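Chemist: With the input below, show me the fold.
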Amino acid sequence: MVKSINAKELIAERYGKEGTKEREKFREEAFSYYFGEIIKNRRKELLMSQEDLAEKVGKKRPYISRIENGEDIRLSNFALLANALGLSIELKTE
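Modeler: Next up, the predicted model:
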């Protein structure tokens, strides 16, 4: 018989339990990846090259590439990129 495992158990098994350093590192990397995908997909929707976006925000193309590949991004730069791509950022309390 095959043992069933849910997503929370799988994540805990692979990346550590909530509150551990390993789990926090995973969470941070996951957010960076997610934000990079949002930036990349929107840029492509607008038919912009990385170079076009870089020029629009005053950065260099390799920086845009690193962000799209999941490198950590400062909130101020994320806001700058979001604005250039016509995206809004919403902060909510939980």
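
Chemist: Give me the longest helix you can find in this protein.
Modeler: Taking DSSP state H as the criterion, the chain has its longest helix at helix 21-45.

Chemist: Which other helices and strands does it contact?
Modeler: Applying 3 or more C-beta pairs under 8 Å, 6 or more residues apart in numbering; DSSP states H and E, one finds that helix 21-45 makes contact with helix 7-15, helix 61-68, helix 75-84. In this view, the C-beta of every residue, glycine as well, is placed from N, C-alpha and C.

Chemist: so which of the ones you listed is the most packed in?
Modeler: Across the helices and strands packed on helix 21-45, averaging neighbours per residue (mean count of other C-beta atoms under 10 Å) puts helix 61-68 on top, at a mean of 17.

Chemist: Least confident secondary structure element in this structure?
Modeler: Scoring the helices and strands of the chain by mean pLDDT, DSSP states H and E places helix 7-15 at the bottom, with a mean of 86.

Chemist: who's in contact with the spatially most central residue of the chain?
Modeler: Closest residue to the average C-alpha location of the chain: F35 at 2.3 Å, with C-alpha atoms, centre = their mean. Residues counted as contacts of F35 (C-beta atoms under 8 Å, 6 or more residues apart in numbering) are 67, 73, 78.
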